[in-house]
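J.: Next input, structure requested:
(2 chains)
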2 protein chains.
Amino acid sequence: MLLCDIGNTSYHFLEGDESFKKSVNSFNPAVIEEKVYYISVNKKVNEQLAFLENWIDLEDYIDRASYYETMGIDRIVALEAIGNGIVIDAGSAVTVDVVRNGKFEGGFIVPGITAMQKSYENISPALAYSFNFDLELDIMPKNSKDAISYGYLGTLYHEVMSYGLDITLTGGDAQKFKKLFRDAKVEERLLFNAMKKIMKKANIC
Amino acid sequence: MLLCDIGNTSYHFLEGDESFKKSVNSFNPAVIEEKVYYISVNKKVNEQLAFLENWIDLEDYIDRASYYETMGIDRIVALEAIGNGIVIDAGSAVTVDVVRNGKFEGGFIVPGITAMQKSYENISPALAYSFNFDLELDIMPKNSKDAISYGYLGTLYHEVMSYGLDITLTGGDAQKFKKLFRDAKVEERLLFNAMKKIMKKANIC
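T.: Residues are numbered from 1 along each chain as shown, chains lettered A, B, ... in the order given. Presented below is the predicted three-dimensional model:
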């Protein structure tokens, strides 16, 4: 049995205690013969998986009624598991969601580190810097690298801190964002753990 | 006599009371025979202009000492003219700068509307929305369009409002941002007016 969280860029598998990734562009899901319990935000991949009987979509076991229609299933699964607090899932996009006492309050999305860096770079070579995660957040920047870092990280930081809730970081860039959100809990396997909870609740395994 | 503000994507001219734009990719500055007083953040263009005697760089008349080395001359010129408050220059990049009683406190940069929209779109077609400038800013979003709009506009809004200073909007997208910053003053010709001030002070005309 495998678990799989499918995002915009990769299949993220968990097999026993080992996790590994495959690119959505090159991996063929039909090569896997055992059962795979998955969630996916990737429409293209979903179309492929619909034909594979051993791939079981955990979305069918989730009540989406408390959330909004186009909300990514990964965000919903994470919030179901957290129950109270902020979940920051830092991948190719960074989603920030707030749940208070089991009630979803809303959330927002910023581009991930790579997309954001490219975005500055494409505007002008003068803005092509990598982000400074050790940025001072209480002082306004006085150099280009920090001006760009603050535009992305500083505004995000102040927004998130204004909610006054515990923060859980997950996703491929969780450790980088931990440098900003120093008191946050990093739970790299938040989604896999949440998927297991859903399976237990639904008596799937 | 012409004034010209050269950015990453265009030459922005002022002739008398008329302003017009030319693309940096296709316009040849050598076709202009009269005197042009300009500021430029575009290194490529600067290299061309260095050979043209009738193009006069106003940067030579500005004391950069209070600012940082790589800070765009357009930002400096705008702050010199404002003296106290926040200047948001919304072009292909959006610069936010704070000056208190003539003293530059710092500033930050976020990608402009087009760059930001592309950035979301490139991550996933599921994030390809145009921004909602009528977004409610005190409620967390519960739909994808607003989640993306809030990620860009909401975080920017809260950051800027936290400084408690008067806001001046300029740049090609000033009117769009005015929908967010309702009490802000839109001064589309802020840079041209600032350039005129510099010329007057330097007795150039």
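J.: Chain A - how does it break down into domains?
T.: Per automatic domain parsing, the domain ranges recorded for chain A read A:2-61, A:83-194.
J.: do you know which of those domains lies nearest chain B?
T.: Closest to chain B of the domains of chain A is domain A:83-194 (C-beta to the nearest C-beta; 2.6 Å). Where you see a C-beta, it was placed from the backbone N, CA and C, and this is true even at glycine.
J.: Give me the distance from the closest one to the chain's centre.
T.: Computed by C-alpha atoms, centre = their mean, to the nearest Å, the chain-centroid distance of domain A:83-194 equals 11 Å.
J.: so what's the residue nearest to the spatial centre of chain A up against?
T.: Closest residue to the average C-alpha location of chain A: A:D89 at 3.0 Å, with C-alpha atoms, centre = their mean. With contact taken as C-beta atoms under 8 Å, 6 or more residues apart in numbering or on different chains, A:D89 is in contact with A:74-75, A:78, A:95, A:97, A:170-171, A:190-191.
J.: Can you sort out which of the residues you listed also neighbour chain B?
T.: A:T95 (C-beta under 8 Å from any C-beta of the partner chain).
J.: In strands, which of the contacts of A:D89 appear?
T.: A:95, A:97, A:170 (DSSP state E).
J.: Quick one: buried ones out of those?
T.: Using 16 or more other C-beta atoms under 10 Å in any protein chain shown as the burial test, the ones in strands among the contacts of A:D89 include A:95, A:97, A:170 as buried.
J.: Please verify my assumption that the last one contacts A:A81.
T.: No: under the criterion of C-beta atoms under 8 Å, A:T170 makes no contact with A:A81, lying 10.1 Å away.
J.: Find residues that contact each of these two.
T.: Common neighbours of A:T170 and A:A81 (C-beta under 8 Å, 6+ apart) are A:L190.
J.: mind listing the strands for chain A?
T.: Under the criterion DSSP E, chain A contains strands at A:2-6, A:10-15, A:18-23, A:36-40, A:55-57, A:85-90, A:93-100, A:103-111, A:167-170, A:185-186.
J.: mind checking which of those strands is nearest B:G102?
T.: The closest of those to B:G102 is strand A:103-111. By C-beta to C-beta, the value is 33.9 Å.
J.: and the closest one, what's its mean pLDDT?
T.: What strand A:103-111 shows for mean pLDDT is 96.
J.: Repeat that for stretch A:75-89.
T.: Averaged over stretch A:75-89, pLDDT sits at 94.
J.: What are the buried residues along that stretch?
T.: Using 16+ other C-beta under 10 Å as the test for burial, stretch A:75-89 gives A:75-82, A:85-89.
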